[in-house]
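In: Show me how the following folds:
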Amino acid sequence: MDEFRAAALECPLPQALDLIGEKWAFLILRGAFNDLRHFEEFQAGLGIARNILSDRLAKMVAGGILARNPDPHDRRKVSYTLTEKGRGLLPVLVALRQWGEQWAEGSSRILLADRRDGKPIRKICIHAHDGRELSLEEMVWLDRETGATCGRVAEQLEVAA
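Out: Down below sits the predicted model:
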């Protein structure tokens, strides 16, 4: 248990959740991935209160997820665009959507597809370095410095529960 607690203190998950771990942050991200750029577009498209939207946008800009710049077509407007760090959240957003389709509200009539051939994308899964799909039981935590095994992922989750 002490090992788990020590590892948990170093885990990047709490910091990530602090930045994007709430409903409106994910909906703003979804909007940004779908080319919403202006405050008014986010507000109208999400139905979010202006003060909450302002707060979340500021937090995402401060966290490096979105960039805030004058709109190139209308300097009176501000444009919010995904940074590289923000674009790196695409697999997270897709995985959450796929999880929701399976376990929450079910399938939407809108699906994410490959632009080239119009076929639905595959389910996001975890792959080994050689491309094999891995289950929870096939993964372990390793110490980056020593390479020592710190336990199976499933074992660590059982201990925490």
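
In: quick one, phi/psi of the residue nearest to residue 134 when sequence neighbours are not counted?
Out: Nearest residue to residue 134, sequence neighbours excluded (Cβ to Cβ, 6 or more residues apart in numbering): residue 126, at 4.9 Å. In this view, the C-beta of every residue, glycine as well, is placed from N, C-alpha and C. Main-chain torsions, residue 126, degrees, to the nearest 10: phi -100, psi 130.

In: burial measure for residue 126, as a count.
Out: Residues lying near residue 126 (other Cβ atoms under 10 Å) number 13.

In: For the residue nearest to the spatial centre of the chain, give its distance to residue 72.
Out: By Cα atoms, centre = their mean, the mean C-alpha position of the chain lies nearest to residue 92, the distance being 3.5 Å. To residue 72, residue 92 is 29 Å away according to Cβ to Cβ, to the nearest Å.

In: Check which helices and strands the host helix or strand of residue 69 is in contact with.
Out: Assigned by DSSP states H and E, residue 69 falls within strand 66-70. Under the contact criterion of 3 or more Cβ pairs under 8 Å, 6 or more residues apart in numbering; DSSP states H and E, strand 66-70 touches helix 50-62, strand 78-82.

In: and the angle for the shortest one with strand 66-70?
Out: Interaxial angle, strand 78-82 versus strand 66-70 (axes from the mean of the first three to the mean of the last three Cα atoms, to 10 degrees): 150 degrees.

In: who's in contact with the closest residue to residue 81 other than its chain neighbours?
Out: Spatially, and ignoring its direct neighbours in sequence, residue 81 is nearest to residue 67 (5.2 Å; Cβ to Cβ, 6+ apart). Applying Cβ atoms under 8 Å, 6 or more residues apart in numbering, we find residue 67 in contact with 61, 80, 81, 82, 83.

In: Now do the nearest residue to the first one once chain neighbours are set aside against residue 120, distance only.
Out: Of all residues beyond its chain neighbours, the one nearest residue 61 is residue 68 (4.8 Å), with distances taken as Cβ to Cβ, 6+ apart. When distance is defined by Cβ to Cβ, residue 68 is 34 Å away from residue 120.
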